[in-house]
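Asker: Predicted coordinates and the sequence they were generated for:
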Amino acid sequence: MLKDEYESGRLFNAPEMETNYADAKRVTAAVQPRRAISVDELAEKVLQGSRQHIARAITLVESSRSDHRRISRKLLRILRPYSGKAIRVGVSGVPGAGKSTFIDAMGRRLIERGYRIAVLAIDPTSTKTGGSILGDRTRMGELAASDQAFVRPSPTSGHLGGVARATRESMIVTEAAGFDVTLIETVGVGQSEVAVAGMVDTFLLITLARAGDQLQGIKRGILEMADVITVNKADGDHEAEARVAARDLSIALKLITSDPNAPRPPVLTSSSVTGKGLDELWQAVLDHRARLEASGELETRRAKQQLEWLWALVRGELEDALKRSEQVREIVPRMEAEVVSGELSALEASSAIIKAFAADIPGLIRTEEG
């Protein structure tokens, strides 16, 4: 049982949308305490699709505390065999493209077709509390209210260019709970698109027609990652503009590679307001996944993603261990001061910090193992 963690108000008692300890602690004081449960019972409730327990499980796997990480690893070992069957779609786009509104409209459309939708929205971290700003919860109001959807904003916490470190683990939880479509929305900052593309089956890029140069702000690297592209807000007086932008973008894609046989992503138009084009867009996603399955590339892609995840976790654990090291904390202020004053080079200071960290590793390992 996790009685001690539960009674301290630090685990398993945060409501669905709370994602950090400060928020969880505040809400705990205002609500009736919940009964403490074991990891096995929590896993069973998640597999039964309990929204409350799905939220508790994600709160657990998002935690960066070493004791919580130990517990979450056991939970994920139980849930992992039940995951992996969902359609995983990453959603990114230029600023103002309407990603959240699009996901809300598309999600409701898919629910009408019998899907259960999990949305993991990578939310900018509040600089004051460290928690999610939760703007996507407002913009996806109708979808979030559905029993067939689960919307979870996760704080970026400064990890990996804006991508929440626990997004992959949260995806295991929602898939084990029976959600058969996972939509991951990026915060749209730097490397976040690269990271999300490395954890989904299909990468969907949303762009706009009314931005002066239609290709302005769309980096070639993002275009190369895209599996499906849509020009959004194609409604009213702007529908014709969207069609022209889609045509121009299709032409631009031909210039990215000199190989005439190289597959190019379909470029479509859509409207979150009228719903026009959403069915065709989802069919393009399904067609892309079908091609991956038929060629065996889906299995290969996911295996490669697992290896990338492995080393991302190694780097993350090393970074966390570095921050926990007492010997590192002791010398860092002096090293930084000497680098600023010119007494030491950055190379010399980094070597000293690494040596202090290496000397502290045995103690850090004992701490992690409890």
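Answerer: Here it is on my side, so go on. Numbering: from 1, shown residues only.

Asker: Helices along the stretch 151-300 of the chain, start to end?
Answerer: For the stretch 151-300 of the chain, the helices defined by DSSP state H, counting those that start in this stretch cover 167-176, 192-197, 220-225, 239-256, 278-295, 297-324.

Asker: Is there a neighbour count for residue 328? I'd like the number.
Answerer: Residues near residue 328, counting by other C-beta atoms under 10 Å, number 21. No exception for glycine: its C-beta is placed from N, CA and C like everyone else's.

Asker: So that it lines up with my notes, have the first residue be 326 from now on.
Answerer: Okay, using 326 as the starting number, the last item reads as residue 653.

Asker: Let me know the helix or strand that it is in.
Answerer: If you go by DSSP states H and E, residue 653 is part of helix 651-666.

Asker: After that helix, heading C-terminal, what element do we hit next?
Answerer: Assigned by DSSP H and E, the successor of helix 651-666 is helix 671-694.

Asker: contacts for that next one?
Answerer: The contact list for helix 671-694, computed with C-beta atoms under 8 Å, 6 or more residues apart in numbering, reads 391, 395, 646-647, 649-653, 655-657, 660-661, 663-664, 669.

Asker: can you pull the contacts of the residue nearest the centre of the chain?
Answerer: Centroid-nearest residue in the chain, with C-alpha atoms, centre = their mean: residue 492, separated by 4.0 Å. Counting by C-beta under 8 Å, 6+ apart, residue 492 makes contact with 445, 447, 479, 509, 521, 524.

Asker: ok, 7 Å please
Answerer: 445, 447, 479, 509, 524 (C-beta atoms under 7 Å, 6 or more residues apart in numbering).

Asker: Could you turn the buried ones of the contacts of helix 671-694 into a ChimeraX selection?
Answerer: Restricted to buried positions by 16 or more other C-beta atoms under 10 Å, the ChimeraX selection for the contacts of helix 671-694 reads:
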select :391,646,647,649,650,652,653,656,657,660,664,669
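
Asker: biggest separation within the contacts of residue 492, which pair?
Answerer: Based on C-beta to C-beta, the longest span within the contacts of residue 492 runs between 479 and 524 and measures 12.9 Å.

Asker: Could you tell me whether residue 447 really is in a strand?
Answerer: Yes: assessed by DSSP: H, G, I helix; E, B strand; the rest coil, residue 447 belongs to a strand.
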